[in-house]
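J.: here is a sequence with its predicted model. Questions after.
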Amino acid sequence: MAQSSIPARFGAAVRRAARRRPVPIGLVLLLVAGALTGWWLSSSASPGYPKGEIGFSTGVQRGVYDRYGQLLQGYVSTAMPGVRMRLDNSQGSVDNLERVAAGRDDFAISTADAVAGFNSPSKWHLRAIARLYDDYLQLVVPADSKVRRTADLRGLRVGVGQEKSGVNLVTRKLLAAAGLDIDKDVRPALLGVGDAADQLRDGRIDAFFWSGGLPTNALTDLSERYRIRIVPLADLAEALHQQEGGGGTDAYRAATIPKDAYPKAEPAGTAVPTVAVPNLLVTRDDVDPDLVQGVTRAVIDSRDTIGSQVHAAQLVDLRTAVYTDPLPLHEGARRYYTSIKP
């Protein structure tokens, strides 16, 4: 081996040891070889991704995005030594896309319809890491409410999500599909799911829309303290598909909220037909590929751990994770999926 290929400190050690007596030179070389082996192993074992802080934009407090982010943060801290995941609450999907596109955060979750309708010039720098789980559209009312369909909301006080949330985006479409104008035919309240649940219980609003994984803790908690009912929305599915703009053609699908999602909701043991939209884990094209590959691995490997507390996360699946339309996969995510193919 040429001397230039050996780290300087080990070369000096060989020369010093060779001048000493009576230590056998063979023993010295054996010790140095051991040191070199340890150095090589420690160097090759070090992670290839950059260390430091990364920003993850979640969503409103008490929402599914928020809880998912908290659990992923803990998993990443163990699975990716040296990486610290900072969690930033936001208004939801649209806000998340703006934050990532502007470089304020590195990762976020967003619904596919919000991605499709995102009109910023920076949209073309967005990339996907994985399709996660589906959000279910939910219209929540008091159990004794006269509201049986979306059109019955006319003139009522309705929680419509925060301004830059995916909830607000799809609520506008749902109301339009039902023949209602969000600004004229209802009294909209820009509320996150936690505040909406509190205000429904206190009688300050008559209903609220929510788009989230099942179950959403804020709704579960509400149903245990207050009698609620979830209004079917499946009658609007076809109208959503036909609406112009926002990418609704491929984003929405008919779905059913299982009867055991909210056991305390009334009538008990009843499944509710509705509409669902997929969630994507999003980043930018300039985020380091090795970092993205590590995060992708953490997302897939943490499915069971996170899924034990966020049931929607149990649906994260390698067979569907790569279907991230309308965004292309990030190079780092592509590397991960390619590496695990049999």
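T.: Structure received.

J.: how about the CA coordinates for the lengthiest strand in the chain, as CSV?
T.: Secondary structure of the chain per DSSP state E: the longest strand is strand 126-142. Extracted in CSV, the C-alpha atoms of strand 126-142 (Å, rounded to 0.1, in the frame of the first residue of the first chain):
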residue,chain,number,x,y,z
LEU,A,126,-42.3,20.1,-5.5
ARG,A,127,-41.6,16.3,-5.4
ALA,A,128,-43.4,13.4,-3.7
ILE,A,129,-41.9,10.9,-1.3
ALA,A,130,-44.9,8.6,-0.8
ARG,A,131,-48.6,8.3,-1.0
LEU,A,132,-49.6,7.8,2.7
TYR,A,133,-53.3,7.2,3.5
ASP,A,134,-56.6,8.7,2.4
ASP,A,135,-58.5,11.5,4.1
TYR,A,136,-62.2,11.0,4.5
LEU,A,137,-64.6,13.9,4.1
GLN,A,138,-66.7,14.3,7.2
LEU,A,139,-69.7,16.6,7.9
VAL,A,140,-70.3,16.6,11.6
VAL,A,141,-73.6,17.9,13.2
PRO,A,142,-75.3,17.4,16.6
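
J.: what residues sit buried inside that strand?
T.: By neighbour count with 16 or more other CB atoms under 10 Å, strand 126-142 contains the buried residues 126-142. (Glycine included, C-beta is placed from N, CA and C.)

J.: excluding its backbone neighbours, what's nearest the residue nearest the centre of the chain?
T.: Among the residues of the chain, Ile109 comes closest to the average C-alpha position under CA atoms, centre = their mean, at 3.5 Å. Leaving out its chain neighbours, the residue that sits closest to Ile109 by CB to CB, 6 or more residues apart in numbering is Tyr65, at 5.0 Å.

J.: okay, and that neighbour sits in which element?
T.: helix 64-79 (DSSP states H and E).

J.: how distant is whatever helix or strand comes next after that helix from the center of its chain?
T.: Downstream of helix 64-79, the next assigned helix or strand under DSSP H and E is strand 83-88. Its chain's C-alpha centre and that of strand 83-88 lie 13 Å apart, by CA atoms, centre = their mean, to the nearest Å.

J.: which strands or helices does the very next helix or strand once past strand 83-88 pack on?
T.: Later in the chain than strand 83-88, the nearest helix or strand by DSSP H and E is helix 93-101. On a contact count with 3 or more CB pairs under 8 Å, 6 or more residues apart in numbering; DSSP states H and E, helix 93-101 meets strand 52-57, strand 107-111, helix 112-116, strand 126-142, helix 166-177, strand 272-284.

J.: just grab the bridge partners of the residue nearest to the centre of the chain for me.
T.: With DSSP bridges as the criterion, Ile109 is bridged to Leu281.
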